[in-house]
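Colleague: compute the structure for the input listed below.
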Amino acid sequence: MLSIRGLNTHYGSSHILQGVDLALPRGTTAAVLGRNGVGKSTTVKSIMGLVSPSGGAIALDGIEIAGWQPHRVARAGVAYVPEGRLIFPDLTVIENILVAERTPARDWPISRLLELFPSLQARRTNKGSQLSGGEQQMLAIARALVSDPKLLLLDEPSQGLAPLVVRELARIIRLLRDAGVTILLIEQNMKLAEAVADELHIMVKGRIVYSADPHRFRAEEEQVRTRYLTV
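Modeller: Numbering: from 1, shown residues only. Here you go, the predicted structure:
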């Protein structure tokens with residue numbers, strides 16, 4: 001589904017991604033963990049076309065998409081849930097979703113999204129600014145899903161959420177994977193990543209330095225945390 005090879009990205013003279021390699025099979029969830037500033041968000045922005053890579057390859061279903069404009073990446077089947085959600089505060093729940101619906105959704109029509117997110121069903125006429133942080137995050141995910149994506153990019157979705165809401169988020173991510181959505185999750189919440197990912201990756205200074213399935217990751221968790229994640 002997604003193949004990243006030798007990905008390099010710069011911000012001016014700053015070399016952020018330094019040869020990222022990552023493979024994500026169809027219908028699976030991969031999590032990328034790491035400290036702040038190591039390049040996690042830059043990775044998904046490079047995939048989405050929000051930042052232009054300076055080298056390397058990004059292939060979606062065998063088609064090279066590195067350097068494409070964001071609208072072309074979206075039309076190819078990639079949906080992006082940005083850090084901070086970035087919903088429209090003055091639009092209602094339904095209007096926020098409809099903004100992203102280019103054609104009538106087949107896999108994720110609004111009726112199915114409101115079943116998946118009952119809190120949005122209850123507040124469908126409320127404006128984005130009237131929602132809680134958790135409801136805004138669910139709305140951002142619903143807005144992405146209405147485009148029927150092949151690949152869903154989630155950037156720090158648990159940020160600022162209460163533990164109860166994070167557990168609900170984990171349930172939603174597992175449901176989406178079971179429904180066939182391929183997911184790349186950028187996270188700092190190790191417990192969330194462990195709960196939902198088929199493979200976990202650690203990024204340090206713009207490189208993937210460790211990869212493991214959940215079973216191995218749990219067995220090595222203390223060592224991994226000390227070596228790569230503790231400030």
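
Colleague: which stretches in the protein count as strands?
Modeller: Counting by DSSP state E, the chain has strands at residues 2-11, 14-24, 29-33, 55-60, 63-64, 78-81, 151-155, 182-187, 199-204, 207-212.

Colleague: I'd like the ones you listed as a markdown table, with mean pLDDT, mean neighbour count and distance to residue 117 appended.
Modeller: Using the backbone N, CA and C atoms, a C-beta is placed for each residue, glycine as well. Listed next are these as a markdown table, based on pLDDT from 0 to 100; neighbours: other Cβ atoms under 10 Å; distance: least, Cβ to Cβ, whole Å:
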| stretch | mean pLDDT | mean neighbour count | distance to residue 117 |
| --- | --- | --- | --- |
| strand 2-11 | 97 | 18 | 25 |
| strand 14-24 | 96 | 18 | 25 |
| strand 29-33 | 98 | 25 | 19 |
| strand 55-60 | 97 | 18 | 26 |
| strand 63-64 | 96 | 10 | 31 |
| strand 78-81 | 97 | 25 | 13 |
| strand 151-155 | 98 | 24 | 15 |
| strand 182-187 | 97 | 24 | 16 |
| strand 199-204 | 97 | 22 | 26 |
| strand 207-212 | 96 | 17 | 31 |
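
Colleague: so which of these comes closest to residue 46?
Modeller: Residue 46 lies closest to strand 2-11 among the strands of the chain, at 5.0 Å (Cβ to Cβ).

Colleague: parallel or antiparallel, which strands does the closest one pair with?
Modeller: Sheet pairing here is set by DSSP bridges, and for strand 2-11 it gives strand 14-24 (antiparallel), strand 55-60 (antiparallel).

Colleague: hey, which helix or strand in this protein has the poorest pLDDT?
Modeller: helix 221-224 (a mean of 91; mean pLDDT, DSSP states H and E).

Colleague: relative to residue 167, which of the strands paired with strand 2-11 is closest?
Modeller: Shortest distance between residue 167 and the strands paired with strand 2-11, using Cβ to Cβ, is found for strand 14-24: 24.2 Å.

Colleague: just want the angle from the closest one to strand 182-187.
Modeller: Per axes from the mean of the first three to the mean of the last three Cα atoms, to 10 degrees, the angle that strand 14-24 makes with strand 182-187 is 140 degrees.

Colleague: restricting to C-alpha, output strand 14-24 in PDB.
Modeller: Extracted C-alpha coordinates of strand 14-24, given in PDB (Å, rounded to 0.1, in the frame of the first residue of the first chain):
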ATOM      1  CA  SER A  14      17.600  22.300   8.300                       C
ATOM      2  CA  HIS A  15      17.800  18.600   7.300                       C
ATOM      3  CA  ILE A  16      14.700  17.200   9.000                       C
ATOM      4  CA  LEU A  17      14.100  13.700   7.500                       C
ATOM      5  CA  GLN A  18      17.300  11.900   6.800                       C
ATOM      6  CA  GLY A  19      16.600   8.800   4.900                       C
ATOM      7  CA  VAL A  20      13.300   7.500   6.200                       C
ATOM      8  CA  ASP A  21      12.300   4.000   5.200                       C
ATOM      9  CA  LEU A  22       8.800   2.700   6.000                       C
ATOM     10  CA  ALA A  23       6.500   0.100   4.500                       C
ATOM     11  CA  LEU A  24       2.800  -0.100   5.400                       C
END
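
Colleague: ok, and what's touching it?
Modeller: 1-10, 30, 32, 39, 42-43, 46, 53, 56, 151, 182, 184, 201, 203, 205-208 (Cβ atoms under 8 Å, 6 or more residues apart in numbering).
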